[in-house]
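Visitor: Task: produce atomic coordinates for the following.
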Amino acid sequence: MKRLLPFFAFVLLGAQFAGFTVQPKGNQDFNPLTGVTTLPQGGTLIDATDHLILQAPYISYKQGSFFEAQQATMKGPKALFQAAFMKYQVASQELRMRDLVYSSKDFPSIQAQEGLAFLKQGYVVLKGKIISKKPSIQAESAVIDTNHHHVLLIGPFIYRQGAEVARGNRANSLLLITFEGGKFLLTSQVPPALLHQMEAYSQQL
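Guide: Numbering: from 1, shown residues only. This is a model prediction of the structure:
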């Protein structure tokens with residue numbers, strides 16, 4: 001029987017990890033000099049109350065500070081993250097990722113080279129070779145507002161949905177996509193306050 005160890009609490013897109021535990025697959029290596037615990041065979045982090053799960057074949061963490069995971073999958077009520085590398089900072093509640101796939105009700109699957117999720121605020125920033133099939137999107141930079149079902153494409157992009165096609169060829173090109181009633185509403189005229197807010201998140205990655 002595997003021993004369950006208390007882990008730190010953190011947030012996934014607004015949901016609190018209360019009573020988070022670690023289920024290691026093998027050894028747990030604790031470094032008393034750094035305070036870092038490593039799970040070289042990986043394991044599963046579970047919060048049964050909020051239905052949140054992190055699984056990875058390699059995990060390291062420091063109590064109350066951070067965790068890092070390789071080839072990881074993090075699943076919650078609102079979203080699924082899969083990434084070659086994840087690092088979560090407890091104090092800022094930010095999740096940084098490399099070579100990731102993000103999935104949600106609005107986006108069944110969207111790939112990017114880099115990602116930064118502001119878990120408490122509900123924003124996800126994606127950059128580098130962004131590809132989505134539904135809707136069909138190719139872009140270099142995107143900011144997703146999970147609370148209001150917006151995504152802002154910044155810079156060059158191609159959007160296709162049925163017969164509808166939208167393109168941006170400049171570094172300052174913009175396209176705001178709103179998911180509403182099963183439809184995608186598009187505009188290049190982004191309200192200044194909304195643009196300022198979403199660009200502020202984009203600039204942090």
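
Visitor: Tell me the first helix or strand C-terminal of the worst-scoring helix or strand of the chain on mean pLDDT.
Guide: Among the helical and strand segments of the chain, the one scoring lowest on mean pLDDT, DSSP states H and E is strand 15-16, with a mean of 32. Scanning forward in sequence from strand 15-16 by DSSP states H and E, the next helix or strand is strand 21-24.

Visitor: tell me the domain ranges of the protein?
Guide: Each domain of the chain is listed here as a residue range: 1-91, 92-205, per automatic domain parsing.

Visitor: Can you tell me the element the most centrally placed residue in the chain falls in?
Guide: Note on the chain: the residue nearest the mean C-alpha position is A117, at 4.4 Å, using C-alpha atoms, centre = their mean. Secondary structure from DSSP H and E places A117 in strand 110-118.

Visitor: Just the buried residues of that strand, please?
Guide: For strand 110-118, burial by neighbour count (16 or more other C-beta atoms under 10 Å) applies to 110-112, 114-118. Using the backbone N, CA and C atoms, a C-beta is placed for each residue, glycine as well.

Visitor: same thing with stretch 37-49?
Guide: Buried residues in stretch 37-49, counted by 16+ other C-beta under 10 Å: 37-39, 42-47.

Visitor: among the residues you listed, which are in helices?
Guide: If you go by DSSP state H, those have nothing in helices.

Visitor: Mind putting the residues you listed into CSV with pLDDT and distance to D145?
Guide: Output for these, formatted as CSV (pLDDT from 0 to 100; distance: C-beta to C-beta, whole Å):
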residue, pLDDT, distance to D145
T37, 88, 35
T38, 92, 35
L39, 93, 34
G42, 94, 32
G43, 92, 32
T44, 86, 30
L45, 76, 26
I46, 73, 28
D47, 62, 24
